[in-house]
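[1] Have a look at this prediction, sequence included:
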Amino acid sequence: MGQRSTTLAIVAAVALLIAGCAPAQPAFLPVPSGQPVPTPDGVPGDVRSSSLDDRGPLRPAGTPTPMISGLSAPWSVVPLPVGSTLVSERDTARVLEHTREGDVRVVGTVPNVVPGGEGGLLGLAAHDAGTPYLYAYYTSGSDNRIVRFELLGAPGRYELGASDEVLTGIPRSRTHNGGRLAFGPDGMLYATTGDAGRPALAQDQNSLAGKILRLTPDGAVPDDNPTPGSYVYTLGHRNPQGLAFDARGQLWAAEFGQNTWDELNLIEPGSNYGWPEVEGGGGGAEFVDPVQQWSTSEASPSGLGIVGDTLVLASLRGQRLWLVDLDDPSESTAVYAGEFGRLRDALAGPDGTLWFLTNNTDGRGSPRAGDDRLYSVPLLPRED
């Protein structure tokens with residue numbers, strides 16, 4: 001080998017060594033999910049909720065546009081600040097990526113998911129504080145658990161990397177598994193859990209079932225939780241599946257009732273929301289009443305999102321979106337009743353749009369050609 005070839009070989013080897021030692025490029029902006037994130041115009045936005053200028057109560061305007069079609073029992077939607085959107089499928093355990101260009105690809109399949117009934121791969125949340133992670137809540141053969149995966153690659157090429165267990169031992173069942181994840185303005189991870197078909201667990205402080213839990217991104221108990229050493233943030237829940245923070249930092253949750261009342265609750269740390277002692281309001285001073293309640297035929301709520309000061313709640317059995325003005329949360333307006341079938345999730349999209357997810361392939365709906373879908377629709381001020 002000549003001197004020039006030897007020199008080129010050495011340069012190439014050094015370049016490879018430097019590349020191997022260089023830190024990985026972050027998968028997305030270092031801002032926790034649920035926190036304000038910078039948008040192209042510099043105005044703070046939010047991954048599940050959006051702080052818009054004060055336009056008062058909002059309403060959908062125009063015909064919803066499908067963004068993704070052909071989904072199989074989709075459950076959770078996580079927009080990333082870089083333009084990609086991640087979607088979980090409950091029964092296939094797949095995580096899909098919808099790119100800024102409109103392509104859909106498989107990021108990976110979450111291992112050890114055991115779907116059945118309402119269990120499977122449920123909520124997702126993204127968090128990047130130096131290492132980009134995708135958090136997933138899923139049903140295993142023995143429990144419900146929260147794991148996190150290092151998210152490798154870049155938009156259009158994301159892959160699931162190494163995983164860590166964040167929290168295990170959440171009681172599981174064919175029904176009432178909860179499953180929603182959200183990062184709060186405090187950087188903590190919040191998770192909803194169902195009563196696993198055993199109502200008494202919701203009032204048991206030592207059980208993780210029937211609760212809203214609060215934990216650090218690494219899975220530790222925060223020092224300022226209501227009960228020292230406990231993940232329990234609130235108790236007395238039957239099957240909460242909606243979770244979102246508003247612009248004031250307040251936490252809202254949607255909850256399935258049994259036969260009478262579904263609930264929208266304003267979450268206060270350490271509070272008891274009554275199940276199974278009470279369903280809906282009127283449970284006495286020791287329990288917190290819902291801000292609003294609906295009959296189970298009108299709602300059966302799952303995901304919720306917030307756009308400006310309008311909370312949007314997706315209804316499965318009710319097959320509609322409920323719009324709630326957070327300045328007067330005792331009132332609500334229904335839209336799209338029966339038009340798209342069962343609705344699993346609702347969240348803020350970019351530029352003041354609303355995204356919502358159908359769920360007609362979950363075994364309880366009547367699938368239509370192309371189901372299930374993620375839709376987008378603009379929002380405008382409501383005309384009273």
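    Cool, got the structure. Residues are numbered from 1 along each chain as shown.
[2] Buried residues, stretch 286-297. List them.
    By neighbour count with 16 or more other Cβ atoms under 10 Å, stretch 286-297 contains the buried residues 287-294, 296. (Each C-beta comes from the backbone N, C-alpha and C, glycine too.)
[3] Among those residues, which ones are in helices?
    Assignment to helices by DSSP state H places none of the buried residues of stretch 286-297 there.
[4] now, which of these lie within strands?
    Among the buried residues of stretch 286-297, the members found in strands (DSSP state E) are 292-294.
[5] Dump those residues to a markdown table, plus pLDDT and distance to residue 275.
    As requested, those are arranged in a markdown table below (pLDDT from 0 to 100; distance: Cβ to Cβ, whole Å):
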| residue | pLDDT | distance to residue 275 |
| --- | --- | --- |
| 292 | 96 | 16 |
| 293 | 97 | 13 |
| 294 | 97 | 16 |
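[6] could you point out the longest strand in this structure?
    Under DSSP E, the chain gives strand 159-170 as its longest strand.
[7] Listing partners with orientation, what would you give for that one?
    Strand pairing for strand 159-170, using DSSP bridges, gives strand 144-152 (antiparallel).
[8] for the partner strand, the distance to its chain's centre please.
    14 Å (Cα atoms, centre = their mean, to the nearest Å).
[9] Can I get that strand in CSV? Just the C-alpha atoms.
    Extracted as CSV, the C-alpha positions of strand 144-152 are listed here (Å, rounded to 0.1, in the frame of the first residue of the first chain):
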residue,chain,number,x,y,z
ASN,A,144,-50.2,-3.8,33.4
ARG,A,145,-46.9,-2.0,33.2
ILE,A,146,-45.1,1.1,32.0
VAL,A,147,-41.9,0.8,30.0
ARG,A,148,-39.8,3.2,28.0
PHE,A,149,-37.9,2.7,24.8
GLU,A,150,-35.0,4.8,23.6
LEU,A,151,-36.2,6.3,20.4
LEU,A,152,-33.5,5.9,17.8
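[10] per-residue confidence averaged over that strand?
    Averaging pLDDT along strand 144-152 gives 98.
[11] Go ahead and name everything in contact with that strand.
    Contacts to strand 144-152, defined as Cβ atoms under 8 Å, 6 or more residues apart in numbering, come from residues 24, 27-28, 108, 110, 119, 126-127, 131-138, 158-172, 177-179, 181, 189, 191, 193, 217, 219.
[12] just for the protein, where's the confidence low?
    Low-confidence segments of the chain (pLDDT under 70): 1-55, 384.
[13] of all the ones in strands among the buried residues of stretch 286-297, which comes closest to residue 198?
    Among those, residue 293 lies closest to residue 198 (Cβ to Cβ), at 23.2 Å.
[14] ok, now which ones touch the closest one?
    Going by Cβ under 8 Å, 6+ apart, residue 293 touches 257, 261-264, 280-281.
[15] Quick check: bridge partners of it?
    Beta-bridge pairing of residue 293, defined through DSSP bridges, involves residue 263.
[16] Show me the helices in this protein, by range?
    Using DSSP H, the helices of the chain run over 3-21.
[17] For the residue nearest to residue 312 when sequence neighbours are not counted, which residues are in contact?
    Nearest residue to residue 312, sequence neighbours excluded (Cβ to Cβ, 6 or more residues apart in numbering): residue 346, at 4.3 Å. Contact partners of residue 346, counting by Cβ under 8 Å, 6+ apart, are 303-305, 312-314, 321, 354-357.
[18] Just grab the bridge partners of residue 346 for me.
    residue 356.
[19] With residue 144 instead?
    On the basis of DSSP bridges, residue 144 is bridged to residue 139, residue 170.
[20] Next: residue 134.
    residue 126, residue 149.
[21] Now distance to residue 147 too, for the buried residues of stretch 286-297, in a markdown table please.
    As requested, the buried residues of stretch 286-297 are exported to a markdown table (distance: Cβ to Cβ, whole Å):
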| residue | distance to residue 147 |
| --- | --- |
| 287 | 33 |
| 288 | 31 |
| 289 | 35 |
| 290 | 31 |
| 291 | 32 |
| 292 | 34 |
| 293 | 34 |
| 294 | 33 |
| 296 | 32 |
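[22] any idea which of those is closest to residue 232?
    Out of those, the member with the shortest distance to residue 232 (by Cβ to Cβ) is residue 288, at 14.6 Å.
[23] Please determine how far the closest residue to that closest one other than its chain neighbours is located from residue 232.
    Nearest non-adjacent residue to residue 288, counting by Cβ to Cβ, 6+ apart: residue 271, 4.7 Å away. Separation of residue 271 from residue 232 (Cβ to Cβ, to the nearest Å): 11 Å.
[24] cool, and residue 189?
    Distance from residue 189 to residue 232, counting by Cβ to Cβ: 14 Å.
[25] more crowded one of the two?
    Using other Cβ atoms under 10 Å, the more surrounded residue of residue 189 and residue 232 is residue 189, with 27 against 22.
[26] if we can go back for a sec, and the residue nearest to residue 312, how close does it get to residue 244?
    With Cβ to Cβ as the criterion, residue 346 and residue 244 are 9 Å apart.
[27] okay, and the common contacts of those two?
    304-305.
[28] Show the contacting residues for residue 170.
    143-146, 178, 193, 208-209.
[29] and if you look at residue 304?
    Contact analysis of residue 304 by Cβ under 8 Å, 6+ apart lists 242-244, 252-254, 264, 311-314, 346.
[30] No further queries at this time; thank you.
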